[in-house]
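S.K.: here is a sequence with its predicted model. Questions after.
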Amino acid sequence: EDQVTQSPEALRLQEGESSSLNCSYTVSGLRGLFWYRQDPGKGPEFLFTLYSAGEEKEKERLKATLTKKESFLHITAPKPEDSATYLCAVQISGGSNYKLTFGKGTLLTVNP
Amino acid sequence: NAGVMQNPRHLVRRRGQEARLRCSPMKGHSHVYWYRQLPEEGLKFMVYLQKENIIDESGMPKERFSAEFPKEGPSILRIQQVVRGDSAAYFCASSPAGGRDNEQFFGPGTRLTVL
């Protein structure tokens, strides 16, 4: 069964304190790995898609990387407005390649 | 360009009533997906629809739940005879047709509370 595990469940940082969130996955074949941000009471907001090991993508203070077993979301010099739940999801290759399988998320809190 | 729209944002039903959740995809998107987020759980896939077609409903409970995406109008997720366990946030996502870069864009969700 396809599995996505995110760690840590919660992370508290001081403003400017860089860190990384982890997403490990076990799938039969990876089509794509997605990162989303979710604010309280809102829907997930798309951040990145990664397709192959070694791929990296950046957006402002965020950088996502991918290996054959896991993905990292690096947050450089975070600000309080980066506080949110970060979700990782995978799509598998094959017949149901549209279906997103999500992890439970990492709740990030950035204190001023 | 308006994003994915869902209504109502909050819905309260008593046990045994029906709940109807609506989703209008982004302009130009013809694929709609419904996901459910239970408390303390990750988002779970329910159903994938294209206009007038259900492509995959493998994640949807076989009883009481149904979904449609008519030729005209929004996609509807219908829950009959709701029970307390149906209380959750229901999210709709949409994507353009096909292609590798078919990121799914999510709406704000409908939070269903069953009393």
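M.R.: Received, thanks.

S.K.: for A:Y36, give its distance to B:M26.
M.R.: 16 Å (C-beta to C-beta, to the nearest Å). C-beta: built from backbone N, CA, C; applies to glycine.

S.K.: what about the residue sitting furthest away from the middle of chain A, distance to A:R31?
M.R.: Within chain A, A:G95 marks the point farthest from the mean C-alpha position, 23.9 Å out by C-alpha atoms, centre = their mean. Distance, A:G95 to A:R31, by C-beta to C-beta: 11 Å.

S.K.: what's the answer for B:R13, then?
M.R.: On the measure of C-beta to C-beta, B:R13 and A:R31 end up 37 Å apart.

S.K.: for B:L21, same thing?
M.R.: For B:L21 relative to A:R31 (C-beta to C-beta), the value is 28 Å.

S.K.: what is the neighbour count of the residue nearest to B:G16 when sequence neighbours are not counted?
M.R.: Nearest non-adjacent residue to B:G16, counting by C-beta to C-beta, 6 or more residues apart in numbering or on different chains: B:Q81, 5.4 Å away. Using other C-beta atoms under 10 Å in any protein chain shown, B:Q81 has 13 other residues around it.

S.K.: wait, what's in contact with B:Q81?
M.R.: By C-beta atoms under 8 Å, 6 or more residues apart in numbering or on different chains, the contact list for B:Q81 reads B:R15, B:G16, B:Q17, B:E18, B:R64.

S.K.: can you show me the strands along chain B?
M.R.: B:5-7, B:10-13, B:19-24, B:31-37, B:43-50, B:53-56, B:65-68, B:75-79, B:88-95, B:105-106, B:110-114 (DSSP state E).

S.K.: strand partners (parallel or antiparallel) of the fourth one?
M.R.: What it means is strand B:31-37. strand B:43-50 (antiparallel), strand B:88-95 (antiparallel) (DSSP bridges).

S.K.: now what about it, what contacts it?
M.R.: A:98, A:100, A:102, B:23, B:25, B:43-50, B:60, B:67, B:69, B:75, B:77, B:88-97, B:102, B:104, B:106, B:109.

S.K.: wouldn't B:A67 be in contact with B:N53 here?
M.R.: No: applying C-beta atoms under 8 Å as the test, B:A67 and B:N53 come out as separate, 11.0 Å apart.

S.K.: the more surrounded of these two?
M.R.: Ranked by neighbour count (other C-beta under 10 Å), B:A67 and B:N53 place B:A67 first, with 22 against 9.

S.K.: how close does the more buried one get to chain A?
M.R.: As judged by C-beta to the nearest C-beta, to the nearest Å, B:A67 and chain A stand 15 Å apart.

S.K.: I'd like the distance between that residue and A:F34.
M.R.: 22 Å.
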